[in-house]
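Novice: My questions are about this predicted structure, shown below with the sequence.
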Amino acid sequence: MHQRLGAVKQSIAENQARLKQYTWTETTETSLKGEEKKRTQADCVYGPEGKTEKTPVGNPAPPPSRRGIKGKIVANKIEDMKDYMDRVASLVQRYVPPNAQSMQEAFAKGNAQLSSAGALVFHDYFKPGDNLTITFDLATKKVVSFAVATYLDQPKDVVTVDARFSSLPDGTNFLEESVLNATAKQIQIKKTNSGYHKLAG
């Protein structure tokens, strides 16, 4: 298990470094109660500090304006939802991409194990009772997928992320698709990364 953890950490670090040479397009679909509410696209590149910098593509349609009390209620709901999703996004950043130091700490505490399918499973990775499962292909030394099961404030505020990876022609591994579910609010956010191009120079 220690060997596999080392291979996973090395693979993630190498791919993060390789992806800094690329630009790509991220498509985000936001659904509420099973109905798509918003779809946006952004051109992405890694900035000098290693964080993804996003430039919106096109102009998103303005929300329909409503007046009076009903309009205020709708505006307040939208604001509450935005705050909620900002908090969810901040939480998810603790797991995506998996952090080498956090994985090592979970392992040191005895909170890591190999599943029957050979996946690395971390318990209490960031919060008590959470799980991070990483499926890793030993032959190709690449992360195939990972799954996060966590929560916002209370365990009933369930937040899950399922992500799968793919490879570019030069062997660089990238996050092709991730699906986030915030079940308490019946919100789903699906992100798809595509159109990878190497930066000039």
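Specialist: Nice, thanks for sending it over. Residues are numbered from 1 along each chain as shown.
Novice: can you list contacts of stretch 42-61?
Specialist: The set of residues external to stretch 42-61 that reach it, using CB atoms under 8 Å, 6 or more residues apart in numbering, is 16, 19-20, 22-26, 28, 38, 40-41, 193, 199. The C-beta positions use only the backbone N, C-alpha and C, and glycine is treated the same way.
Novice: repeat that for 6 Å
Specialist: If you take CB atoms under 6 Å, 6 or more residues apart in numbering as the criterion, stretch 42-61 is touched by 20, 23-26, 40-41.
Novice: Please apply the same query to stretch 169-176.
Specialist: By CB under 6 Å, 6+ apart, stretch 169-176 touches 15, 18, 142, 163-167, 193.
Novice: How far does that stretch sit from its chain's centre?
Specialist: Averaging C-alpha positions (CA atoms, centre = their mean, to the nearest Å) puts stretch 169-176 16 Å from its chain's average.
Novice: Let me know the helix or strand that residue 134 is in.
Specialist: Residue 134 belongs to strand 131-137 when elements are defined using DSSP states H and E.
Novice: Dump the C-alpha coordinates for that strand into CSV.
Specialist: Output in CSV follows, covering the C-alpha atoms of strand 131-137 (Å, rounded to 0.1, in the frame of the first residue of the first chain):
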residue,chain,number,x,y,z
ASN,A,131,-14.0,9.3,2.2
LEU,A,132,-11.6,9.8,-0.7
THR,A,133,-11.3,6.8,-3.1
ILE,A,134,-8.6,6.8,-5.8
THR,A,135,-8.5,4.2,-8.5
PHE,A,136,-5.0,3.9,-9.9
ASP,A,137,-3.7,1.8,-12.8
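Novice: still on that earlier bit, list buried members of the contacts of stretch 169-176 by neighbour count.
Specialist: Buried subset of those (neighbour count, 16 or more other CB atoms under 10 Å): 15, 18, 142, 163, 165, 193.
Novice: Can you flag which of the contacts of stretch 169-176 belong to strands?
Specialist: 142, 163-167, 193 (DSSP state E).
Novice: can you redo these as CSV with distance to residue 102?
Specialist: Below are those laid out as CSV (distance: CB to CB, whole Å):
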residue, distance to residue 102
142, 20
163, 16
164, 21
165, 19
166, 24
167, 25
193, 23
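Novice: ok, so of the residues you listed, who is nearest residue 99?
Specialist: Residue 99 has its nearest neighbour among the ones in strands among the contacts of stretch 169-176 in residue 163, at 14.7 Å by CB to CB.
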